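J.: return a 3D structure for these sequence lines:
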Amino acid sequence: MTRRLFVVLAAIVLFTIPTTGQAQTNSSETYRQLDLFGNVFERVRADYVKEVGDEKLIEAAINGMLTSLDPHSSYMSPKSFKDMQVQTRGEFGGLGIEVTMENGFVKVVSPIDDTPAFRAGLKPGDYITHLDDQVVQGLTLAEAVEKMRGKVNADIKITIRRKGREPFDVTITRAIIKIRSVRWRTEGKVGYVRVTSFSEQSDAGMDHAMKKIKEKLGSELKGIVLDLRNNPGGLLDQAIKISDQFMNQGEIVSTRSRRGGDAQRFNSKKGDLADKLPIVVLINGGSASASEIVAGALQDHRRAIVLGTRSFGKGSVQTIIPLSGHGAIRLTTAHYYTPSGRSIQAKGIDPDIEVEQAKLEPVGPGSRRREADLRGALKNPNKINEEQKKKPNAKFNQKSAKDSKTEQPFDYQLDRALALIRGISLFNVRVSN
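T.: Here you go, the predicted model:
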């Protein structure tokens, strides 16, 4: 039966190829290759050391064919295809908690605001020991997460172990959970926006972030830092939309396939969320694909200064092709080009200002000499008990620096980006005056 399948497939291929000249020779070679594949398939089924299902063999053969083309083409099983859709859609039925695995149990990192888990009172540091009375130990994190996700409005009972009290059960009703791919905060008078991936929710998240930053800082807003570090990419249309949110005109990106007539160009529309204020885009070696589209577009139009280290260099476009109930294939179908015509494939985006992530250490006393250190230097006539006034502050600042280092490592690249925004803002004010 399987043998007949390959014969039929070969016949279909032969039928769809014109049987003249070179085409006839090619179709004959195709038939021989399909016949070879059928022979190998039958031999594995009959003689391999243990029995292997036909589905597994065929999926492996398809995946082998695709992965041999390039690192980004692949076959997705029905489950993998479903997981990918959840990730790119940016929403799913679930509880609304960020979790990790610790000591064999699921540990709550943080409940997401305004979600079922948040309203149920789950707290960071809680351990989930049972899901619907099934012990969590022995499950992988992915398996546990899969059990917590499910149909919207369906209940799940979870058992919580919390420090200082006996284990207790909580019944939570699943709801639609939206993945936050965009996060924001303010750093002084500068808005900071981090995009972790490009999902269907990203452009709406950017709109929300910029609205909140403007509400908080108003006319005091000096500029925006757009952090795309370690962002692996995502949806092409979201990269285009987010680029468009900071541009008033011009091309964002173009794509070109093997057929010249299939080239596409995507242009921006009027409307800049940052109102022409300075923008610094942070990138590094983990910034890939859609991240590089955004960085390249803003860089080519001189709308932003790109700071950090060279990006990953993935300049190809993948198309997801569903296979009617049999998963899907991810196939590389085009290259993309920045507005200036650059292909960044295997090259990456070079930052305008290269800044490696660095660890800052204080310079020891006495390493640099100043005027006050010179023998016989004149004293400042305005100096009144300056040393006494500084001592308490110096002690406090030293302690604060130590405490902040414990809480959060110093981000040198972000610090440089913030300094750059402040410098540009100060320069613009002086020029306008």
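J.: name all residues that make contact with the residue nearest to residue 78 when sequence neighbours are not counted.
T.: Leaving aside its sequence neighbours, residue 78 sits nearest to residue 327 (CB to CB, 6 or more residues apart in numbering; 4.7 Å). (C-beta placed from N, C-alpha, C; glycine too.) Taking CB atoms under 8 Å, 6 or more residues apart in numbering as the contact definition, residue 327 lies against 59, 75-78, 80-81.
J.: of all those, which two lie farthest apart?
T.: Looking at the contacts of residue 327 by CB to CB, the two members farthest from one another are 59 and 81, with 12.0 Å of separation.
J.: who has more neighbours, the two?
T.: In terms of neighbours (other CB atoms under 10 Å), residue 81 is the more surrounded of residue 59 and residue 81; the figures are 19 against 16.
J.: name the residues that touch the longest strand anywhere in the chain?
T.: Within the chain, and with DSSP state E defining each element, the longest strand by residue count is strand 328-337. Outside of strand 328-337, the residues within contact range by CB under 8 Å, 6+ apart are 62, 66, 69-70, 72-76, 81, 84, 236, 253-257, 262, 293, 315-323, 343, 345.
J.: A strand includes residue 252, no?
T.: Yes - using DSSP: H, G, I helix; E, B strand; the rest coil, the secondary structure at residue 252 is a strand.
J.: wait, it sits on residue 267?
T.: Yes - under the criterion of CB atoms under 8 Å, residue 252 makes contact with residue 267 at 6.5 Å.
J.: neighbour count: those two, which is higher?
T.: In this comparison of residue 252 against residue 267, neighbours counted by other CB under 10 Å, the higher total goes to residue 252 at 25 against 14.
J.: state the distance from that one to residue 268.
T.: Per CB to CB, to the nearest Å, residue 252 is found 6 Å from residue 268.
J.: okay, and the common contacts of these two?
T.: With CB under 8 Å, 6+ apart applied, the overlap between the contact sets of residue 252 and residue 268 consists of 243-244.
J.: circling back to that earlier point, among the contacts of strand 328-337, which lie within helices?
T.: 62, 66, 81, 84, 236, 293 (DSSP state H).
J.: quick revisit: so which of the contacts of residue 327 are in strands?
T.: Using DSSP E to define strands, the subset of these located there is 75-76.
J.: distance to residue 248 and pLDDT added to the contacts of residue 327, as a markdown table?
T.: Formatted as a markdown table, the entries for the contacts of residue 327 read as follows, by distance: CB to CB, whole Å; pLDDT from 0 to 100:
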| residue | distance to residue 248 | pLDDT |
| --- | --- | --- |
| 59 | 48 | 90 |
| 75 | 42 | 93 |
| 76 | 39 | 91 |
| 77 | 44 | 89 |
| 78 | 44 | 89 |
| 80 | 40 | 85 |
| 81 | 38 | 90 |
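J.: can you flag the buried ones in the contacts of residue 327?
T.: Neighbour counting by 16 or more other CB atoms under 10 Å classes 59, 75-76, 81 among the contacts of residue 327 as buried.
J.: show me which of those residues is closest to residue 284.
T.: Among the buried ones among the contacts of residue 327, residue 76 lies closest to residue 284 (CB to CB), at 28.0 Å.
J.: from residue 412, how far off is residue 350?
T.: When distance is defined by CB to CB, residue 350 is 19 Å away from residue 412.
J.: pLDDT-wise, which helix or strand of this protein ranks last?
T.: Counting by mean pLDDT, DSSP states H and E, the chain has its least confident helix or strand at helix 386-407, which shows a mean of 41.
J.: following that one, which helix or strand shows up next?
T.: Proceeding N to C from helix 386-407, the next assigned helix or strand is helix 412-432, under DSSP states H and E.
J.: how far does that following helix sit from the chain's center?
T.: Helix 412-432 has its C-alpha centroid displaced from the chain centroid by 27 Å (CA atoms, centre = their mean, to the nearest Å).
J.: and it, what does it pack onto?
T.: Using 3 or more CB pairs under 8 Å, 6 or more residues apart in numbering; DSSP states H and E, the elements in contact with helix 412-432 are strand 190-195, strand 223-227, strand 279-283, strand 305-308.
J.: now the ones you listed in TSV, please, with extra columns for mean pLDDT and distance to residue 49.
T.: Putting these into TSV (pLDDT from 0 to 100; distance: least, CB to CB, whole Å) gives the following:
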stretch	mean pLDDT	distance to residue 49
strand 190-195	97	49
strand 223-227	98	51
strand 279-283	98	49
strand 305-308	98	51
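J.: what's the closest of these to residue 207?
T.: Residue 207 sits nearest to strand 190-195 of all the helices and strands packed on helix 412-432, at 11.0 Å, using CB to CB.
J.: by how many degrees do that closest one and strand 223-227 diverge?
T.: 20 degrees (axes from the mean of the first three to the mean of the last three CA atoms, to 10 degrees).
J.: and the longest helix belonging to the chain, what's buried?
T.: With DSSP H applied, the helix covering the greatest number of residues in the chain is identified as helix 21-47. Of the residues in helix 21-47, 27, 31, 34, 38, 41 count as buried by neighbour count, 16+ other CB under 10 Å.
J.: quick one: contacts for residue 108?
T.: Going by CB under 8 Å, 6+ apart, the list of residues near residue 108 reads 97-99, 117, 122-128.
J.: rerun at 6 Å
T.: For residue 108, the contacting residues are 97, 99, 122, 124, 126, by CB atoms under 6 Å, 6 or more residues apart in numbering.
J.: which ones among those lie within strands?
T.: Per DSSP E, strands hold the following members of those: 97, 99.
J.: using a markdown table, lay out the contacts of residue 108 together with distance to residue 45.
T.: As requested, the contacts of residue 108 are exported to a markdown table (distance: CB to CB, whole Å):
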| residue | distance to residue 45 |
| --- | --- |
| 97 | 45 |
| 99 | 41 |
| 122 | 50 |
| 124 | 52 |
| 126 | 49 |
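J.: can you say which of the contacts of residue 108 are buried?
T.: Buried residues within these, defined by neighbour count using 16+ other CB under 10 Å: 97, 99, 122, 126.
J.: and which of those is nearest residue 288?
T.: Distance from residue 288 was checked for each of these by CB to CB. The minimum falls on residue 99, at 25.6 Å.
J.: residue 200 in helix, strand or coil?
T.: Under three-state DSSP, residue 200 falls in the coil class.
J.: ok, and the closest non-adjacent residue to it?
T.: Counting by CB to CB, 6+ apart, the residue nearest residue 200 is residue 90, at 4.7 Å.
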